[in-house]
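Trainee: when you get a sec, could you give me coordinates for this:
(chains A and B)
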2 protein chains.
Amino acid sequence: MEEPMTSPVRIGVLGAGGLGKAAARIISKKRELCLAAVCDSRGIVSSAEGLDGTALAGVSGDLVAGCRRLEAARAGEGGGAVAVATDVEARHCDDPLGAMLAMSERLDAILIALPNLPNEFIPGVVERFAQAEVSLVFVDVLKRTRAVRQMLALDALVKRSRSVVMTGCGATPGLLAAAAVLAAQSFIEVEKVDIWWGVGIANWEAYKATIREDIAHLSGYTLERAKAMTDAEVEVLLERTNGLLELTHMEHADDLLLQRVGVVDRLDQVEVGGIMDTRHPKKPVSTTMTLTGTTADGKRAHHTFILGDETTMADNVIGPALGYLKRGLWLKAQGLFGVFGCTEFLPMVVR
Amino acid sequence: MEEPMTSPVRIGVLGAGGLGKAAARIISKKRELCLAAVCDSRGIVSSAEGLDGTALAGVSGDLVAGCRRLEAARAGEGGGAVAVATDVEARHCDDPLGAMLAMSERLDAILIALPNLPNEFIPGVVERFAQAEVSLVFVDVLKRTRAVRQMLALDALVKRSRSVVMTGCGATPGLLAAAAVLAAQSFIEVEKVDIWWGVGIANWEAYKATIREDIAHLSGYTLERAKAMTDAEVEVLLERTNGLLELTHMEHADDLLLQRVGVVDRLDQVEVGGIMDTRHPKKPVSTTMTLTGTTADGKRAHHTFILGDETTMADNVIGPALGYLKRGLWLKAQGLFGVFGCTEFLPMVVR
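Mentor: Residues are numbered from 1 along each chain as shown, chains lettered A, B, ... in the order given. Predicted structure coming up:
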């Protein structure tokens, strides 16, 4: 099963914010993958030979305009600058997701890095593709329990379209929930799973949507209120907290995905929280998953999985997402269609 | 996929040493599992309704004789003592593995907890079952690279018998190698995987075969020499080291199983060692898997997975083995036959 893939996997990335750009950059570093298309809310950029994700990741603001600026600069330098691709097609359109859907025969998989505001937005995108009966592998990095629940409810529709959806496959849920499945193996009874993350970003503006999703977890905030905040209002909030956001009792789908596979009986046995520093790239705390359980001898113990502080949110979200994407391709090749969570399979290694 | 199993999985355990007894005991704590049979080198004990693994785990020496003693004690107490089973069948025989093979239609899965001396012993047992064309799920907790390599080479034969073999599914390889697959997700390049284990056992005589397998890793020893040692000779060796065995550069199949899925390119990127205290149950060091890699930004970082000191070797070997056994049943139900390593799938949770 682990033979190198015969030809690169053609991936479309939905979203060109902080995570979408990180995905583009990391995909371009993997010889097994080909970045076939990226879209933002205003347009789509695509190439049959594969886009240069590193160049695209440097674009700020409008994706299509930025891509055209890069191409113009290259032409001006007589081909000296890096090409996004020699056959790049960059165009604005009213319905970039529809444009991605229209080119789905030239894709193997889709990584969804859209902001999920409101909760039903990303499940709705997958539903649209499935209703169009395109057969693809989708991976999302959804965080909220309600969103993942909606995604799991699409199972029958996704099966009918002969597609595979890997849901909740970022860091938390994703990497850390999978680590909890491993940790659970040593215990007769799992008491609780604690996920405590640290994220440091030098400049919050690179992750505007992620920050707003986190603000929505603060007491007194909702997704709607967070989405409606202007950048200036976010600045004022962050000014009050010295740039730090400490979040507890977060609604993260680690609970649902761990309950689904039997690691815990109840959602409240899983606790997710953390601290984000929006002004420094250094993590304020080490991201740690701690599983507490009781052994066959009746002893209480903890297994822990700790992420290196030098790894970024992008590393820990996009890396696993691509590993699960490859696992999704394997499932599809076996004829195993439907919606699967990060807690059901090990992600595969993508070279 | 995670519905509770409709009827308990009928398991045969090969081996009744320290790990075999621990397996019997842990299986009896799981409502999804039924301990259908256990054999040692001299006989087999079986029951259609399921053996009481906790009672069996208390037997010392010859399994069949011990089981008969338990039954006699129960009869003497007018049924007051715990029954191994009401329909228990306990008999000595020349070929206990053949007896287990003969009852394979009454089994769903086999957990192999035999000492693997010499290296080809356990692969030979699986080969015998596969050649008899019984369709079962097998799980082993093999440690040595050469043994796992031999097991993987049985893939075609195992596929022909419509069986599934999950190999190297204890703690190391097993739980810790799977944790390395997860940890690898955050990195573009994995530099090395270090597994450093601590095991504490109150009395080495409960794990005679395991200790001999570990002694074989010491400089100047071989599997053959370790196997030939008398208990008194082992005592003398342990006296010299104050009961501690420190092992480095161990030939553990974590290397092969991680190379197989692409976490590392070379076997020497994986290092396994540890310290066993044969006189105290407290672990001399915490068992830790450390993966070192380079991120997309060129940063070097470590992810770590640390097992709670209160968990025993039995918890961390048998727990994962049963989780992989359930994963093997899932694979078999999908018609996916063959030999798979612990690094290919997440183990499932067994309730």
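Trainee: residue A:132 - nearest residue in space that isn't next to it in sequence?
Mentor: residue A:101 (5.8 Å; Cβ to Cβ, 6 or more residues apart in numbering or on different chains). Every C-beta, even on glycine, is put in place using the N, C-alpha and C of the backbone.
Trainee: wait, that neighbour touches residue A:133, no?
Mentor: No: using Cβ atoms under 8 Å, residue A:101 is not in contact with residue A:133; the gap is 10.7 Å.
Trainee: more crowded one of these two?
Mentor: residue A:101 (18 against 12; other Cβ atoms under 10 Å in any protein chain shown).
Trainee: ok, now which ones touch the residue located most distally from the centre of chain A?
Mentor: In terms of distance from the mean C-alpha position of chain A, residue A:297 ranks first, at 39.2 Å (Cα atoms, centre = their mean). Each residue near residue A:297 by Cβ atoms under 8 Å, 6 or more residues apart in numbering or on different chains is listed here: B:312, B:315.
Trainee: name the residues of the stretch 151-300 of chain A found near chain B, please.
Mentor: Counting by Cβ under 8 Å from any Cβ of the partner chain, the stretch 151-300 of chain A comes close to chain B at A:175, A:178-179, A:181-188, A:260-263, A:295-297, A:299-300.
Trainee: which residue ranges form the strands in chain A?
Mentor: A:9-14, A:33-39, A:43-46, A:89-92, A:109-112, A:137-140, A:164-167, A:189-200, A:244-247, A:270-277, A:288-294, A:300-306, A:338-341 (DSSP state E).
Trainee: name the stretch among those that sits most buried.
Mentor: strand A:164-167 (a mean of 30; mean count of other Cβ atoms under 10 Å in any protein chain shown).
Trainee: against which helices or strands is that strand packed?
Mentor: strand A:137-140, helix A:145-152, helix A:313-333, strand A:338-341 (3 or more Cβ pairs under 8 Å, 6 or more residues apart in numbering or on different chains; DSSP states H and E).
Trainee: shaky segments in the stretch 151-300 of chain A?
Mentor: When residues are selected by pLDDT under 70, none of them lie in the stretch 151-300 of chain A.
Trainee: so which bits of stretch A:118-131 are buried?
Mentor: Across stretch A:118-131, burial judged by 16 or more other Cβ atoms under 10 Å in any protein chain shown covers A:119, A:121, A:122, A:123, A:125, A:126, A:127, A:129, A:130.
Trainee: repeat for stretch A:19-35
Mentor: A:19-28, A:30, A:32-35.
Trainee: now do it, average pLDDT.
Mentor: On average, the pLDDT along stretch A:19-35 is 96.
Trainee: ok, now stretch A:317-334?
Mentor: Averaging pLDDT along stretch A:317-334 yields 97.
Trainee: what residues of that stretch count as buried?
Mentor: A:317-332.
Trainee: next: stretch A:44-57.
Mentor: By 16+ other Cβ under 10 Å, the buried positions in stretch A:44-57 come out as A:44, A:45, A:46, A:47, A:50, A:51, A:52, A:53, A:54, A:55, A:56, A:57.
Trainee: ok, the closest residue to residue A:310 other than its chain neighbours - contacts?
Mentor: Of all residues not flanking residue A:310 in the chain, residue B:301 sits nearest, at 3.8 Å (Cβ to Cβ, 6+ apart). Counting by Cβ under 8 Å, 6+ apart, residue B:301 makes contact with A:307, A:308, A:309, A:310, A:311, B:186, B:187, B:292, B:293, B:294, B:295.
Trainee: cool, thanks, talk later.
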